[in-house]
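**Q** Structure, please.
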Amino acid sequence: MGMRVDIATLFPEMCQRVLDESILGRAARRGHIETHCHQIRDYTLNRQKQTDDYPYGGGCGMVLYAQPIADCIRDIQRQVAEQGRPAPHIVFMTAGGRRYTEADARRLAAYDSLLLVCGHYEGIDERVIEAFADEEISIGDYILTGGELASLVVADSVLRLQPGVLAEQKGYEEESYWNGLLEYPQYTRPEEWRGRKVPEVLLSGHHGNIDAW
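**A** A predicted model of the protein is given here:
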């Protein structure tokens, strides 16, 4: 049973479409990983399915209610437990969270189950963050319309580290940031393009010289 990642969001179809594509989609179909996106709106108790309201103290924007997020999290925890997994590690995607790095991706990749909670509008009622968050993460000092893209960044960077997702472990150990360094430049055919040539050392077949380069 591969790692499971759940995303609690107002836009589950958008998130699931991304996760079902390309490398992650193939890995999920082969059973190496498992992804689920959940509609927070399904857990509202009001007839209008409203998920937000004006903030206390004034200010612009709307704030997501604590209740539907809390009930969504509890339901996901129940589903995870029914699979015989340990409780998911819960991460809220927030502007005030710790800046995300490759080291965080490797750390989170060690969990059996990960639950990412997406904010939207002005943010999330702080009380549900206090009640459930194991940690808060931000992917950078800029503003997005919601936490969906941030959660997908985290999910992709974590899931690609799971066994069976990439063809070889060497594939990600040589990449940028894995050892705190940037990856070397990459080239492919043709050997010359618009007067620019591939470095001779890469054409030499001498593995020692190539590694040193």
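**Q** Now that we're looking at Ile210, what pLDDT does it have?
**A** Ile210 carries a pLDDT score of 72 in this model.
**Q** Tell me who's in contact with it.
**A** For Ile210, the contacting residues are 201-202, 204, by Cβ atoms under 8 Å, 6 or more residues apart in numbering. For the C-beta atoms, the positions are set from N, CA and C on the backbone; glycine is no exception.
**Q** Make CSV out of the residues you listed and add distance to Ala212, secondary structure and neighbour count.
**A** As requested, these are exported to CSV (distance: Cβ to Cβ, whole Å; DSSP: H, G, I helix; E, B strand; the rest coil; neighbours: other Cβ atoms under 10 Å):
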residue, distance to Ala212, secondary structure, neighbour count
Val201, 8, helix, 12
Leu202, 12, helix, 16
Ser204, 11, coil, 12
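**Q** of those residues, closest to Ile124?
**A** Closest approach between the contacts of Ile210 and Ile124, by Cβ to Cβ: Leu202, at 49.1 Å.
**Q** if we can go back for a sec, name the nearest of the contacts of Ile210 relative to Tyr142.
**A** Using Cβ to Cβ, those come closest to Tyr142 at Leu202, 36.1 Å.
**Q** From what I see, the closest one and Arg189 are in contact.
**A** No - contact criterion Cβ atoms under 8 Å: Leu202 and Arg189 do not qualify, at 11.7 Å.
**Q** what packs against the biggest helix by length in the chain?
**A** Of all the elements of type helix in the chain, the one with the most residues (DSSP state H) is helix 66-82. In this structure, helix 66-82 packs against strand 3-9, strand 33-39, strand 113-118, helix 126-132, with contacts taken as 3 or more Cβ pairs under 8 Å, 6 or more residues apart in numbering; DSSP states H and E.
**Q** That'll do, ta.
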